[in-house]
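> Prediction below, plus the sequence it came from.
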Amino acid sequence: MNSWANVGMDLHLELPRGIGVKAALLQGLRDAIDSGGLKPGTRLPPSRSLAVDLGVSRNTVADCYTELAHAGWLITRQGSGTVVASRADAKAGDARGITQSPSKPPEQEPPRSALSFIPGSPDVSSFPRAQWISSARRSLTSAPNDAFSATDPRGRIELRTALSSYLGRTRGVRTDPEHIVVCASSGHGLTLIARVLQETVAVDAYGLHLHRDLLAAEGIRTVPILVDESGTCTEQLASTQAKVALLTPTHQFPLGGPLIPSRRRTALDWASNSGGIVIEDDYDGEFRYDRKPVGALQAIAPQHVAYMGTVSKTLSPAIRIGWMVLPDRLIEPVLALKGPYERWVSATDQLTLADFIDSGRFDAHIRKMRTTYRRRRNQLVDTLEHRLPDVRITGISAGLHAVIQVPRGTEGAILSAADGLGLDLVGISTFRHPDAPPAGIDGIVVGYSTPTPSRYSDALERLCTAMESVL
Ligand SMILES: Cc1ncc(COP(=O)(O)O)c(C=O)c1O
C-alpha cells in the first residue's frame, strides 16, 4: 500500500498486507529505516497527522512510535518530536530484546577540506552570508508575482539593469540591459556563443583547460596562440584559420599579465578586418592591486567583442550566475539557442544579486576581499623572498593567483612533494594546449585565495617546504 501524507509532513511507507494495522506500521517503519529511505536524524510526522494520512487511530501510531523508540529505532523527545535513530542503536536495541534508552542522533563529521592552492576559487569562508540573506529577503519581498513564473531567457530585467550600470561603472563596459544575457557561468556563456558561431577558436597556448574541453565537447577546434608576460601574442591571430579568439585581456590566465595596449588594438583590428569576434573572459577583473583597474576590451569595440563575466571569483562559484554582453549580431541567435524561457539560472537568485549590486553590498564585499587578497599576495611574495630568494614570482598585480617560476624539470617533483605534505598544487603545464610548444618554463600556479584564512599560513609553509625539498 502506498501512503502519502498531505497534512503536516509527507512520509512514504510501504506497509505489508495481510497483517494487523499496527504490525504493518511497525514493519513499514523498520523497513524504511533499514533500507536507508529514512535516514538517521530524519524527523517523522506528528502521530496525529500520520494517523489522519493512514486512516488509522492516533493511538496506533503513537504506540508504534513508542515501541520503536524503546527498541532504539526512533528517538522521542518532549517538544522536539520523533526522529530516526542511528541504525547501530536499532540493532543494539533489537539484539537486547528492545528496551534501550534512545541516544542522540548522530552528528555528521564536517568533511575536512584538503589544503589547496588550486586556482579557481575565492575564499568561500568569506561568503557574505548575512548581506546575501538581506538582499534575498528584500528583493523577494518586493518582487512582482511574475518573478515566480517562467523567466525571460535574457534574465531578469532587474539584474540586467543592475549589471549594465555596474559593468559600465567598474569595468568601462559599454552596454544597456538589452545587450546583456544572463547565464549560469562563463563556461555556460562560452558554450552558447561557440554553438552559435560554430567556428574554430584561437585560444591561448596556456589557458583554462576547462574552456578548451567545453569547446571540444561542442565539436569545435581550438588553435593555440603564444602568450608571454605582455599577454596573448595577438599578432598571430591573422595567420590562423580562426574566426573567434578567446582571450583574458585583463589578466591572462594563468600567466597573469594584462594584454598590452598595442596587442589589444591588434586583436580588435583583426576582428574588424576579418568579421571575427573576440570573446573576452573577464573572470577576475575586479581584483587589481597595483594600479587603476584595466578596463574591458569590450569598451573599445562593443560590436566585435562578446564580453563574459561571472560571480564565481567575486562571490562564489556555487551561485551559478554569469553574464554575457553581446554584440547585436549575437543576441538573437544566443537567445534562440537558450530557448523560450530561462532553464539555467534561478530567478530568485538573479533578483537577490540585483539587490546585492544596487544596494552597494557587492562593491563593499569586493573592496573587503581585495584588501584580504592583497594581504595574502604580499605574504606569499614576502615569504618566498625570504625562504626561496632564487625563484621568480609573476602575475602578482591582479587576480587571485600568481605563478612561481621554477627551474626547468622541477615542476613535477614540487607537485609530488606538496602532495606528500597534504597540499594540492597545480603546475603550469596543466594549462598548456596539447598542440602548443612548451613555453620553456616550469611554474607553479598558486591560487592564494583558496585556503580559508585560518589555514593560509599553514598552506604557505607547506608550499615552501615542498619547494625547498626539491630546489
Ligand atoms: C580563466 C577563467 N575564466 C572563467 C572562470 C570562471 O568560470 P565560471 O564562471 O564558469 O565558474 C575561471 C574560474 O576558475 C577561470 O579561471
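That came through, no problem. All values derive from a computational prediction rather than experimental measurement. Numbering: from 1, shown residues only.
> Okay, domains of this protein per the record?
With domains defined by automatic domain parsing, the chain comprises 2-95, 116-120+364-470, 127-359.
> And the ones you listed, which one averages the lowest pLDDT?
The stretch with the lowest average pLDDT out of these is domain 2-95, scoring a mean of 84.
> from what I can see Trp344 touches Gly187, true?
No. The criterion here is Cβ atoms under 8 Å, and Trp344 misses it with Gly187 at 11.3 Å. All C-beta spots, glycine's among them, are computed from the backbone N, C-alpha and C.
> before we move on, the earlier item: the domains of the chain into JSON lines, with extra columns for mean neighbour count?
Below are the domains of the chain laid out as JSON lines (neighbours: other Cβ atoms under 10 Å):
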{"stretch": "domain 2-95", "mean neighbour count": "17"}
{"stretch": "domain 116-120+364-470", "mean neighbour count": "18"}
{"stretch": "domain 127-359", "mean neighbour count": "19"}
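> Make TSV out of those domains and add distance to the ligand.
Putting these into TSV (distance: least, Cβ to the nearest ligand atom, whole Å) gives the following:
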stretch	distance to the ligand
domain 2-95	31
domain 116-120+364-470	3
domain 127-359	3
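> what about the helices in the stretch 301-450 of the chain?
328-338, 347-358, 361-387, 411-420 (DSSP state H, counting those that start in this stretch).
> Which strands or helices does the third one pack on?
In other words, helix 361-387. Judged by 3 or more Cβ pairs under 8 Å, 6 or more residues apart in numbering; DSSP states H and E, helix 361-387 is in contact with helix 129-142, strand 392-394, strand 401-406, helix 453-470.
> The shortest one: how far from the chain's middle?
From the chain centre to the centre of strand 392-394 is a distance of 28 Å (Cα atoms, centre = their mean, to the nearest Å).
> ok, and what's touching that strand?
Contact with strand 392-394 is made by 229, 255-257, 380-381, 384, 402-405, as judged by Cβ atoms under 8 Å, 6 or more residues apart in numbering.
> likewise the longest one?
Residues outside helix 453-470 that contact it (Cβ under 8 Å, 6+ apart) are 115-117, 123, 125-126, 372, 376, 379-380, 383-384, 387-388, 391, 404, 406, 410, 413-414, 417-418, 420-423, 425, 444, 446, 448, 451.
> check contacts around the residue sitting nearest the centre point of the chain.
Taking Cα atoms, centre = their mean as the criterion, Pro317 is the residue nearest the geometric centre of the chain, at 1.9 Å. Going by Cβ under 8 Å, 6+ apart, Pro317 touches 120-122, 185.
> Please apply the same query to Arg48.
Neighbouring residues of Arg48 by Cβ under 8 Å, 6+ apart: 8, 58, 61.
> circling back: now, the most widely separated pair of the contacts of Pro317?
Within those, Pro122 and Ser185 form the most distant pair, 14.0 Å apart (Cβ to Cβ).
> intersection of neighbour lists for these two?
312, 317.
> List the contacts of the closest residue to Ala205 other than its chain neighbours.
Of all residues not flanking Ala205 in the chain, Ala436 sits nearest, at 3.5 Å (Cβ to Cβ, 6 or more residues apart in numbering). Ala436 makes contact with 205-206, 224, 226, according to Cβ under 8 Å, 6+ apart.
> now do 10 Å
203-207, 223-227 (Cβ atoms under 10 Å, 6 or more residues apart in numbering).
> can you give me phi and psi for it?
Main-chain torsions, Ala436, degrees, to the nearest 10: phi -90, psi 140.
> SS state for Thr82?
Under DSSP: H, G, I helix; E, B strand; the rest coil, the three-state class of Thr82 is strand.
> Dig out what it forms beta bridges with.
Beta-bridge partners of Thr82, counted by DSSP bridges, are Thr76.
> contacting residues for Ala147?
By Cβ under 10 Å, 6+ apart, the residues touching Ala147 are 139-140, 156, 158, 347-348, 350-351.
> repeat that with 7 Å
Taking Cβ atoms under 7 Å, 6 or more residues apart in numbering, we find Ala147 in contact with 347, 351.
> Can we start the residue count at 36 from this point?
I'll keep to 36 as the first residue from here, and by that count the last item is Ala182.
> Could you tell me whether it really is in a helix?
Yes. Counting by three-state DSSP, Ala182 is part of a helix.
> Give me the helices and strands touching the one helix or strand Gly203 maps to, please.
Secondary-structure assignment from DSSP states H and E places Gly203 in helix 192-206. In this structure, helix 192-206 makes packing contacts with strand 215-218, helix 382-393, judged by 3 or more Cβ pairs under 7 Å, 6 or more residues apart in numbering; DSSP states H and E.
> Give me the residues contacting the last one.
Which is helix 382-393. Helix 382-393 has contacts (Cβ under 7 Å, 6+ apart) with 166-167, 170-171, 173-175, 178, 182, 186, 190-191, 193-194, 197, 201, 217, 346, 354, 356, 397.
> relative orientation of that helix and helix 396-422 in degrees?
Computed by axes from the mean of the first three to the mean of the last three Cα atoms, to 10 degrees, the angle separating helix 382-393 from helix 396-422 equals 80 degrees.
> what's the span of stretch 210-225 from first residue to last?
Distance across stretch 210-225, first residue to last, is 19 Å (Cα to Cα, to the nearest Å).
> Correction: the previous question concerned stretch 440-457.
End-to-end distance for stretch 440-457: 21 Å, by Cα to Cα.
> Give me the distance from it to the chain's centre.
Counting by Cα atoms, centre = their mean, stretch 440-457 comes out at 27 Å from the chain centroid.
> Contacts made by it with the rest, please.
149-150, 426-427, 429, 460, 462-464, 476-479, 497-498, 500-502, 504-506.
> for the helix or strand encompassing Leu103, the distance to its chain's centre please.
For Leu103, the host element (DSSP H and E) is helix 93-105. In terms of Cα atoms, centre = their mean, the centre of helix 93-105 is set 45 Å apart from its chain centre.
> Next: stretch 177-184.
26 Å.
> same check, this time on stretch 268-277
Chain-centre distance of stretch 268-277: 32 Å, with Cα atoms, centre = their mean.
> repeat for stretch 462-477
25 Å.
> end to end, how far does that stretch reach?
End-to-end distance of stretch 462-477 (Cα to Cα): 7 Å.
> what's the answer for stretch 441-448, then?
End-to-end span of stretch 441-448 (Cα to Cα): 11 Å.
> Could you do stretch 155-165 as well?
Start-to-end span of stretch 155-165 (Cα to Cα) is 24 Å.
> picking up where we left off before, generate CSV for the contacts of Ala471, with secondary structure as supplementary columns.
Below are the contacts of Ala471 laid out as CSV (three-state DSSP):
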residue, secondary structure
Val238, strand
Asp239, strand
Ala240, coil
Tyr241, strand
Gly242, coil
Val258, strand
Pro259, strand
Ile260, strand
Leu261, coil
Val262, strand
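> can you map out the strands along the stretch 36-185 of the chain?
Remark: strands assigned in the stretch 36-185 of the chain by DSSP state E, counting those that start in this stretch are 37-38, 48-49, 109-112, 116-119, 150-151.
> from the chain's centre, how far out does the last one sit?
Taking the mean of its C-alpha atoms, strand 150-151 sits 17 Å from the chain's own mean (Cα atoms, centre = their mean).
> Name the surrounding residues that touch that strand.
Residues contacting strand 150-151 (Cβ under 7 Å, 6+ apart): 457-459, 485-486, 490, 493-494, 497.
> partners of that strand in the sheet?
Strand 150-151 has the following sheet partners, assigned by DSSP bridges: strand 458-459 (parallel).
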